[in-house]
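Engineer: kindly generate the corresponding structure for this input.
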Amino acid sequence: MLDIRMKDKSARIGVIGLGYVGLPLAVEFAKAGFEVTGFEVDAKKVKSIANGLSYIPDVPVEEVKSLVKSKKLNATLDFKRLSKMDAIITCVPTPLRKTKDPDIQYIVSAIEKVSATLRKGQVVVLESTTYPGTTREIVLPMLEKNGYKAGRDFHLVFSPERVDPGNKKFGIRNTPKIVGGMTPECSRLGKVLYSAIVDRVVPVSSTEAAEMVKLLENTFRAVNIALVNEVALMCDRLKLSTWEVIDAAATKPFGFMPFYPGPGIGGHCIPLDPQYLSWKLKTLNFYSRFINLAEEINSAMPEYLVKKVADALNARGKSVKGSRILVLGVAYKKDIGDVRESPALFVIEHLKERGAVVSYHDPYVGQFHVDGISMTGTALSGAVLRKQDCVVIVTNHSCFDVGEIVKSATLVVDSRNATQGLVNKKIVKL
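Structural biologist: This next block holds a predicted model:
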C-alpha cells in the first residue's frame, strides 16, 4: 500500500522544478529519510546538485552535500524517470503575461511529462500558484487522457506552496500545509505524504478551495500593503510621520495588524497571485475592485519614491538629470538575493529615464539582467558614498550600517524606515 510506503519512508519522491520552492521541499523530504529525485530542465542546477552545491540561500550547502553523498537526493534532466516515482510534486513558475493573463505554460509542460510516464498508484501534486480550477480543468484531463481515473488509478492533489525566502522563524516543517484532493482518497494520501515533513496538515474540501487559499493569503497582503501605501501618501500631505502613526496604532492589542509602506511590492507572489484571481473572476463576469485598486496603488509607489528623490534634490538646488544616485538594495526583500518583480528595478528605470547616473549596491545581488536593464553592483565605501548626490535606501538588508551610510552620504532618501531613530537633516523619508 502506498500510504504504508509513505509512512515508512520507502516511497520514492520526485520534485519537478528545483527553484525557491522545489529545492527546499526536495531537501526536506530527503532529510526525512525518503529517496528524492529532482527533475529539471536547467542543466546548471542538475550539475550543482550532483556536486553537492546549493544555489538557494535558505538551503545550506552542507545539507545538500550530505544528502547527495548518502544518495537520498539526486537531480536529473531525464523525465522518463518520473515513472519510477511514487509521488510527484510539481513546483514550476507561474508568471503573468504582459496582458496580466495567467501564463501556465510551465505547468502544462510539466504535466505533459508526468502524463507520458504516469503509472497506476502514483500521487501527483501541484504546488505552483494558480487560479481556482486549474487542477480540475487543465491538469486532470491531461492525466486522464490515457484512460486512467483520478482517485482510482492515480491520486491528484493541489497543495499551495508557502515558502517565505529568508524567513528564519517559519520553514517547511512548522508552516501548516493545505491539501485539497480531487477525491477524499486523494486528500487522505496527500495528507499522509506531507505529514512526513510538516507538523500540521490541513485538508480542505477540493482542489479549488486549496487553490483559492493561496490566492486569498497573498491578496490579503497586497490589499493591506496598498492601504498603508495610500496612508503614506495621506500622511505626506498632512505633514505627519507615517511610521509614527502606524507604530502608535499597532499598540492596540485587538482589531489591528500593522503593515508598513515601501517603494512597491516584489517577489513572485504578492504582485502576481492576486492577478490570477482577478483574471479568473473576469471569466465569470465579476470585477474584483479591491485587487485592481491595490495593484494600481502599489505599482505607482516606485514612481512616488523617485518623485521624493527629485524633490529632495531640487530642495538642494539639483536636478535628477546628471545627478549621481546610488540605490541601496535591489532584492525585493531584505537578506535575500531574489530580484523578481523588485520595486528597486522600477526605481532604477524611472531614475535613468530622468537622466540620473545610477549605480547600486546589494551584497546579495552581484549583478542582474531584467527587462533590458543590465547592471553590476558597486562596492560600498565612504569614498563611494561621498561621491553620490543621493543615496536611496530601497531594500534595507540587515548587514547595512545605516548610521555610517548617513554619516558619509550627502543626502539619503529612505523608503523602508531604515533610518528610524536617526535625527539628521540629510534624511528624507517616504
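
Engineer: domain ranges for the protein, per the record?
Structural biologist: By the assignment in automatic domain parsing, the chain contains the domains 2-205, 263-429.

Engineer: the nearest residue to residue 93 once chain neighbours are set aside sits in which helix or strand?
Structural biologist: Nearest non-adjacent residue to residue 93, counting by CB to CB, 6 or more residues apart in numbering: residue 106, 5.3 Å away. For every residue, glycine as well, the C-beta is placed using N, CA and C. Residue 106 belongs to helix 105-117 when assigned by DSSP states H and E.

Engineer: can you name the next helix or strand after that helix?
Structural biologist: Downstream of helix 105-117 (by DSSP H and E), the next one is strand 123-126.

Engineer: what residues does the helix or strand following that following strand touch?
Structural biologist: With elements assigned by DSSP H and E, the helix or strand that comes after strand 123-126 is helix 134. Helix 134 has contacts (CB atoms under 8 Å, 6 or more residues apart in numbering) with 104, 107, 126, 158, 211.

Engineer: how many residues are close by residue 296?
Structural biologist: Residue 296 is flanked by 10 other residues according to other CB atoms under 10 Å.

Engineer: and it, how far is that from residue 98?
Structural biologist: With distances taken as CB to CB, to the nearest Å, residue 296 is found 17 Å from residue 98.

Engineer: dump the residue contacts of the residue lying closest to residue 417 once chain neighbours are set aside.
Structural biologist: Leaving aside its chain neighbours, residue 417 sits nearest to residue 243 (4.9 Å; criterion: CB to CB, 6+ apart). Counting by CB under 8 Å, 6+ apart, residue 243 makes contact with 260, 417, 420, 429.

Engineer: okay, these in CSV with distance to residue 275, secondary structure and neighbour count next?
Structural biologist: Below are these laid out as CSV (distance: CB to CB, whole Å; DSSP: H, G, I helix; E, B strand; the rest coil; neighbours: other CB atoms under 10 Å):
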residue, distance to residue 275, secondary structure, neighbour count
260, 23, coil, 16
417, 28, coil, 19
420, 33, coil, 12
429, 30, strand, 20
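
Engineer: with respect to residue 280, which of those residues is nearest?
Structural biologist: residue 260 (29.4 Å; CB to CB).

Engineer: and the next helix or strand past the host helix or strand of residue 282?
Structural biologist: Secondary structure assigned from DSSP H and E places residue 282 in helix 273-283. The C-terminal neighbour of helix 273-283 among helices and strands, as given by DSSP H and E, is helix 289-314.

Engineer: now the angle from that next one to helix 273-283?
Structural biologist: 140 degrees (axes from the mean of the first three to the mean of the last three CA atoms, to 10 degrees).

Engineer: please identify which of the domains of the chain is closest to residue 229.
Structural biologist: Proximity to residue 229 (CB to CB) singles out domain 263-429 among those, at 5.5 Å.

Engineer: now the end-to-end length of the closest one.
Structural biologist: Using CA to CA, to the nearest Å, the end-to-end distance of domain 263-429 comes to 11 Å.

Engineer: and that domain, how far from the chain's centre?
Structural biologist: 17 Å (CA atoms, centre = their mean, to the nearest Å).

Engineer: so what touches the helix holding residue 282?
Structural biologist: 94, 96, 100-102, 129-133, 212, 214-215, 218-219, 222-223, 287-288, 291-292, 294-295.

Engineer: residue 369 is in what secondary structure piece?
Structural biologist: strand 367-370.

Engineer: okay, now the sheet partners of that strand, with direction.
Structural biologist: Strand pairing for strand 367-370, determined by DSSP bridges: strand 373-376 (antiparallel).

Engineer: helices or strands up against the helix or strand that the strand it pairs with is followed by?
Structural biologist: Counting by DSSP H and E, the next helix or strand C-terminal to strand 373-376 is helix 382-387. Judged by 3 or more CB pairs under 8 Å, 6 or more residues apart in numbering; DSSP states H and E, helix 382-387 is in contact with strand 324-328, helix 402-408.

Engineer: list the buried residues in helix 382-387.
Structural biologist: 384-385 (16 or more other CB atoms under 10 Å).

Engineer: how about the next helix or strand after it as CSV, C-alpha atoms only?
Structural biologist: Moving toward the C-terminus from helix 382-387, the next helix or strand (DSSP H and E) is strand 390-393. Extracted in CSV, the C-alpha atoms of strand 390-393 (Å, rounded to 0.1, in the frame of the first residue of the first chain):
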residue,chain,number,x,y,z
CYS,A,390,21.8,61.0,-3.3
VAL,A,391,21.6,57.5,-1.7
VAL,A,392,18.2,55.8,-2.0
ILE,A,393,17.5,53.0,0.5
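
Engineer: which helices and strands does strand 390-393 pack with?
Structural biologist: So strand 390-393, by 3+ CB pairs under 8 Å, 6+ apart, packs with helix 289-314, strand 324-328, helix 402-408, strand 412-414.

Engineer: most packed of the ones you listed?
Structural biologist: Mean neighbour count, computed with mean count of other CB atoms under 10 Å, is highest for strand 412-414 among the helices and strands packed on strand 390-393, reaching a mean of 26.

Engineer: now do that strand: everything it contacts.
Structural biologist: 305, 308-309, 312, 390-393, 405-406, 419, 424, 426-430.

Engineer: please confirm that residue 208 is located within a helix.
Structural biologist: Yes - under DSSP: H, G, I helix; E, B strand; the rest coil, residue 208 falls within a helix.

Engineer: so what's the nearest residue to it once chain neighbours are set aside up against?
Structural biologist: Closest residue in space to residue 208, ignoring its immediate chain neighbours: residue 132 at 4.5 Å, by CB to CB, 6+ apart. Residues in contact with residue 132 (CB under 8 Å, 6+ apart) are 208, 211-212, 215, 277, 280.

Engineer: do that again at 10 Å, thanks
Structural biologist: Contacts for residue 132 (CB atoms under 10 Å, 6 or more residues apart in numbering) come out as 158, 206-215, 276-277, 280-281.

Engineer: try residue 295
Structural biologist: By CB under 10 Å, 6+ apart, the contact list for residue 295 reads 100, 222-223, 226, 265, 271-272, 274-275, 278, 288.

Engineer: pLDDT value on residue 164, please?
Structural biologist: For residue 164, the pLDDT comes out at 89.

Engineer: assign it to helix, strand or coil.
Structural biologist: Counting by three-state DSSP, the backbone at residue 164 sits in coil.

Engineer: from memory it sits against residue 218, does it?
Structural biologist: No - the pair residue 164 and residue 218 fails to qualify as a contact (CB atoms under 10 Å) at a distance of 11.3 Å.

Engineer: who has more neighbours, these two?
Structural biologist: residue 218 (22 against 17).

Engineer: against residue 265, how distant is the residue lying closest to the more buried one once chain neighbours are set aside?
Structural biologist: Nearest residue to residue 218, sequence neighbours excluded (CB to CB, 6+ apart): residue 273, at 4.1 Å. Separation of residue 273 from residue 265 (CB to CB) stands at 11 Å.
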